[in-house]
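Q: attaching a predicted model along with its sequence, questions to come.
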Number of protein chains: 2
Amino acid sequence: MSQSSDDARTYSRAHTERFRHELFELLRIPSLSGDPAHAGDIRRAAEWLANHMRDAGVENVEIMPTAGHPVVYGEYLGAGPDKPTVLVYGHYDVVPAAMEDGWDTDPFEPVEQNGRIYARGATDDKGQMMTHVNALESYLKTAGRAPVNVKFLLEGEEEISSPNLAPFIRDHLDLLAADVCVISDTSMPSIEAPAITHSLRGMTYIQIDLEGPKEDLHSGLWGGAAHNPALALVEILGKLYNPDNTIAVPGFYDDVVALTQAERDMIAKTDVSEEQYKQVTGVPALWGDQRFTIRERLAARPTLDINGMWSGWSGPGPKTIIPQKAGAKLSSRLVANQDPQKIYRLLKDYIESIAPKTVTLKVELLTEGRPALIPFDLPEMQAAARAYETGWGHTPVFTRGGGSIPVVADIGDMLKIPVVMMGFGLDSDGLHSPNESYSIEMFHRGIETAIVYFEELAQLPR
Amino acid sequence: MSQSSDDARTYSRAHTERFRHELFELLRIPSLSGDPAHAGDIRRAAEWLANHMRDAGVENVEIMPTAGHPVVYGEYLGAGPDKPTVLVYGHYDVVPAAMEDGWDTDPFEPVEQNGRIYARGATDDKGQMMTHVNALESYLKTAGRAPVNVKFLLEGEEEISSPNLAPFIRDHLDLLAADVCVISDTSMPSIEAPAITHSLRGMTYIQIDLEGPKEDLHSGLWGGAAHNPALALVEILGKLYNPDNTIAVPGFYDDVVALTQAERDMIAKTDVSEEQYKQVTGVPALWGDQRFTIRERLAARPTLDINGMWSGWSGPGPKTIIPQKAGAKLSSRLVANQDPQKIYRLLKDYIESIAPKTVTLKVELLTEGRPALIPFDLPEMQAAARAYETGWGHTPVFTRGGGSIPVVADIGDMLKIPVVMMGFGLDSDGLHSPNESYSIEMFHRGIETAIVYFEELAQLPR
């Protein structure tokens, strides 16, 4: 390693506490992208980021409008045109969180405990995103320059599946031109076993709304001759699954590329045992498609999940009504080569075909995203592996991520560059759950690994 | 009719506006019995009632404690021991209501429009309950005496199925001793066709709670190997019903007394057409057990209704989780001779037998009540029919009510007196629904009919 990357790493170690406290400022902003009531917080988060990036030495920082929440852009081009340019993607928006969901502490007042930072967005993605800003600062405040050019593309709509990011990229191909994209928004099984994600699932997210009577009916006066929308929903949802826990929607699996034996062998390297799964999740027993291992089910197979379901009275005590309506949110995790739009049509057509005529039905697409698969023999992927070796002292394995970052496929296709998913989260971080947290050690190892990765990239033959 | 009942009716007509404005005061108190946060409002409603009854001339008015919300008791014994005593039962509690449920006006700020009073509790039961207080006042403020003795038993827990009323009655048999009980808490199909309810259904109300993982799981990280509690709930609820819309719980129908042809003929007198049902409820098509007419299904057959259902995320936008838990509220309307405790055991045993081992299950009894059937050839029932003839100019028919007033069976059994359900509501009042209302004409006709009924009762041979 060069003197400048050693100096940068030393600087990052000397400023660990400040980096954390700056991250806390960002975590305190409840930047929920899915709830219009929080549009102001999204704006505040973007402004905080822009100001912070300017302080770190990033140039031409700008809050750029989209049809939805803004993108925060910034760049450092001081390495010069003969050095590679890294496009750092991250997102400053978060999913909802409230004490009543089971948080032990206020989700928007970060707390350090047991070596972890507890807050919504700690690992997904504010903590991981800041890694690269802190890494660049560590170069600029020591050597005064970094070994590569860096561009930041930080969006505020990842948690609602980035509806406006693809158009933004298409409109700014020159501004965003780069040699490689790096994203830290994934996780590894444990701190001792670094892993780089090379595959992500896509998504089709729908909402079903049923309406029966024009208002809630007194069940004693009117029940018995009206189809209860809650029951109609139960009937419809029940028909989406087969007894073997596979998905009953005709055509759903048609485009799934079968796993090769080599792929199954690689996936087996990070398989989890039934005991491990039960311990992490707390479920009393496992479930799923028995033809596949647990890790295959978690990351390499498509799913159809009920994310939410509602009808009638859920408050305290009894209420004797036939509810006016019922609804559900359903998301499907997709694998190569499933197309989210085709899956939406299959779901909609099937649900419409099985819905009883005693209720009215609406099926709506909420979000979608394509799956992504990045070959792990690319030089930029191997450079990332070397950076982890330096940061961790261990060679990382390449794994499939079960989550969805729709922009990975978009960036790869539109900017025609490899996307390297340098995740610094842990599978146990509880992202999207109550008590989401981020390991403080992972945060600081991540910054050092990002520092080394910039140098590794600078040394690749061009 | 006697001079004193004529004078009382004249008085009641002269004070219609004041009676309504007094009712408004009571309707403004959100006396929700099912929500602990409203215990203070329940207390305020009881105090308002007690004060108002004293002003009307009722004696020995007292707010009497129970293990739950208090009973308001009061009496007028001035008719003397040779005259019959009428026990008036009513309830001052209401079910929940909120603007977001679809109310056009604040449910706790009564509004007069189109000859109706819009407010939660307008018909169920504050408006109907006040009928008898206003009727007694009309005698006491004119003749200075009433033709019968009157006792008031007004409770605050009817909407949570009166858990503490039976013990209260058992502890106060002497205080409550009477010759007949009258309850105005039922309705008739239309203002032109008066009807007296002689049968009510019972109830078993349960709550099902399922838990899967220890917290919401990120569906991309952990989905595929955990049984989604929402899906487990769908599977369980789906197995409670047969394809012909009957209830699949083994033994559920065992104790149901079959309807005789004579009973079916009587029920046919108030049958509703498919068109009428669709118009009132707004459903696109009818549903139910095709072996029975609509009115039979609404009032004379047992049901099992999903009153509420919940799991995971129901807010705006997407959230990609495997929910931690799922739940449902289910109520069963029972007919003679079904026993609510036995039905609870049948439901619990069956649900426990079909629940998958991949989730944990809790089945809980929320409330229960026995069905009631009062012969309509009793003198007190025939006296009620004559009172309606005077108040309305039409002979009423006797009908079966599909709703549940558990106390009807309790009062009949414990005090050994007939219970006459002199309902002054209309089936279209929308009780338990948004925009509940009470016809102003029904309110005032009810007061006059109650005035006449007191006199009719006084004239019965003893």
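A: That came through fine. Numbers count the residues shown, from 1 in each chain, chains lettered A, B, ... in the order given.
Q: quick one: low-confidence residue ranges for the stretch 1-150 of chain A.
A: By pLDDT under 70, the low-scoring segments of the stretch 1-150 of chain A are A:1.
Q: enumerate the residues of it near chain B.
A: By Cβ under 8 Å from any Cβ of the partner chain, the residues of the stretch 1-150 of chain A that approach chain B are A:S33, A:G34, A:D35, A:P36, A:V95, A:P96, A:D101, A:G102. Just so you know, the C-beta spots here come from the backbone N, C-alpha and C atoms, and that holds for glycine as well.
Q: just among the residues you listed, which is most surrounded?
A: A:S33 (28 neighbours; other Cβ atoms under 10 Å in any protein chain shown).
Q: what's near enough to touch that one?
A: By Cβ atoms under 8 Å, 6 or more residues apart in numbering or on different chains, the contact set of A:S33 is A:I42, A:G68, A:H69, A:D93, A:V94, A:G156, A:E157, A:E158, A:E159, A:I160, B:G317.
Q: circling back to that earlier point, with secondary structure added, can I get the residues of the stretch 1-150 of chain A next to chain B in JSON lines?
A: JSON lines is the format used below for the residues of the stretch 1-150 of chain A next to chain B (DSSP: H, G, I helix; E, B strand; the rest coil):
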{"residue": "A:S33", "secondary structure": "coil"}
{"residue": "A:G34", "secondary structure": "coil"}
{"residue": "A:D35", "secondary structure": "coil"}
{"residue": "A:P36", "secondary structure": "helix"}
{"residue": "A:V95", "secondary structure": "coil"}
{"residue": "A:P96", "secondary structure": "coil"}
{"residue": "A:D101", "secondary structure": "helix"}
{"residue": "A:G102", "secondary structure": "coil"}
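Q: quick check: of those residues, which lies closest to B:S428?
A: Nearest to B:S428, judged by Cβ to Cβ, of the residues of the stretch 1-150 of chain A next to chain B is A:P36 at 37.0 Å.
Q: in which helix or strand does the residue at the greatest distance from the centre of chain A reside?
A: Ranked by distance from the centre of chain A (Cα atoms, centre = their mean), the top residue is A:L221, with 48.0 Å. Using DSSP states H and E, A:L221 maps to helix A:219-222.
Q: just checking, next helix/strand downstream of that helix?
A: For helix A:219-222, the following helix or strand on the C-terminal side (DSSP H and E) is helix A:229-238.
Q: what residues does that following helix touch?
A: A:208, A:210-212, A:306, A:309, A:311-312, A:323-328, A:351, A:354-356, A:358-359, B:231, B:234-235, B:237-238, B:241, B:306, B:308-309, B:328.
Q: let's see that with 7 Å instead.
A: Residues from elsewhere that reach helix A:229-238 (Cβ atoms under 7 Å, 6 or more residues apart in numbering or on different chains): A:210-212, A:306, A:311-312, A:323, A:325-326, A:328, A:351, A:354-356, A:358-359, B:234-235, B:237-238, B:241, B:306, B:309.
Q: let me know the closest of the contacts of A:S33 to B:T85.
A: Nearest member of the contacts of A:S33 to B:T85, counting by Cβ to Cβ, is B:G317, at 61.6 Å.
Q: for the closest residue to that closest one other than its chain neighbours, list the residues it contacts.
A: Once flanking residues are discounted, B:G317 sits nearest to A:G34: 2.6 Å by Cβ to Cβ, 6 or more residues apart in numbering or on different chains. Counting by Cβ under 7 Å, 6+ apart, A:G34 touches A:P96, A:E159, A:I160, B:P316, B:G317, B:P318.
Q: make a ChimeraX selection of the buried ones in those residues.
A: To isolate the buried members of the contacts of A:G34 in ChimeraX, using 16 or more other Cβ atoms under 10 Å in any protein chain shown:
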select /A:96,159,160 /B:317,318
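Q: ok, the contacts of A:G34 vs B:K269, which is closest?
A: Using Cβ to Cβ, the contacts of A:G34 come closest to B:K269 at B:P316, 49.0 Å.
Q: what's the helix or strand for the closest one?
A: B:P316 belongs to no helix or strand, assigned by DSSP H and E.
Q: that one and chain A, how far apart?
A: 5 Å (Cβ to the nearest Cβ, to the nearest Å).
Q: check contacts around that residue.
A: Taking Cβ under 7 Å, 6+ apart, one finds A:G34, A:D35 in contact with B:P316.
Q: can you check A:Y118 too?
A: A:Y118 sits next to A:T105, A:P110, A:V111, A:N435, A:S437 when contact means Cβ under 7 Å, 6+ apart.
Q: now the residues you listed as CSV including secondary structure, neighbour count and distance to A:V335?
A: What follows is those, written out as CSV (DSSP: H, G, I helix; E, B strand; the rest coil; neighbours: other Cβ atoms under 10 Å in any protein chain shown; distance: Cβ to Cβ, whole Å):
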residue, secondary structure, neighbour count, distance to A:V335
A:T105, coil, 14, 36
A:P110, coil, 25, 35
A:V111, strand, 16, 37
A:N435, coil, 20, 29
A:S437, strand, 25, 29
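Q: need the max-distance pair from those.
A: A:P110 and A:N435 (11.8 Å).
Q: and the furthest pair within the contacts of A:G34?
A: Taking Cβ to Cβ as the measure, these span a maximum distance of 12.2 Å, between A:E159 and B:P316.
Q: surely A:A384 is in a helix?
A: Yes. Counting by three-state DSSP, A:A384 is part of a helix.
Q: for it, grab the count of nearby residues.
A: Neighbours of A:A384 under the rule other Cβ under 10 Å: 26.
Q: assign a three-state SS to the nearest residue to it once chain neighbours are set aside, would you?
A: Excluding the flanking residues, the one nearest A:A384 by Cβ to Cβ, 6+ apart is A:V420, at 4.9 Å. Following three-state DSSP, we place A:V420 in the strand state.
Q: okay, and the beta partners of A:V420?
A: Taking DSSP bridges as the rule, A:V420 bridges to A:V182.
Q: what's the per-residue pLDDT of it here?
A: A:V420 is assigned 94 on the pLDDT scale.
Q: contacts only, for it.
A: A:V180, A:C181, A:V182, A:E380, A:M381, A:A384.
Q: isn't the second one right next to A:V419, touching?
A: Yes. Contact criterion Cβ atoms under 7 Å: A:C181 and A:V419 qualify, at 4.6 Å.
Q: shared neighbours of these two, anything?
A: Shared contacts of A:C181 and A:V419 (Cβ under 7 Å, 6+ apart): A:I411.
Q: neighbour-wise, which of these two wins?
A: A direct count of neighbours by other Cβ under 10 Å for A:C181 and A:V419 places A:V419 higher, at 26 against 23.
Q: my read: that one touches A:A178, true?
A: No. In this structure A:V419 lies outside contact range of A:A178 using Cβ under 7 Å: 10.5 Å.
Q: hmm, the helix holding A:L221 in reach of chain B?
A: Yes. Using Cβ under 7 Å from any Cβ of the partner chain, helix A:219-222 reaches chain B at A:S219, A:G220, A:L221, A:W222.
Q: dump these into CSV; add distance to B:F152 as well.
A: Below are the residues of helix A:219-222 next to chain B laid out as CSV (distance: Cβ to Cβ, whole Å):
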residue, distance to B:F152
A:S219, 29
A:G220, 25
A:L221, 26
A:W222, 31
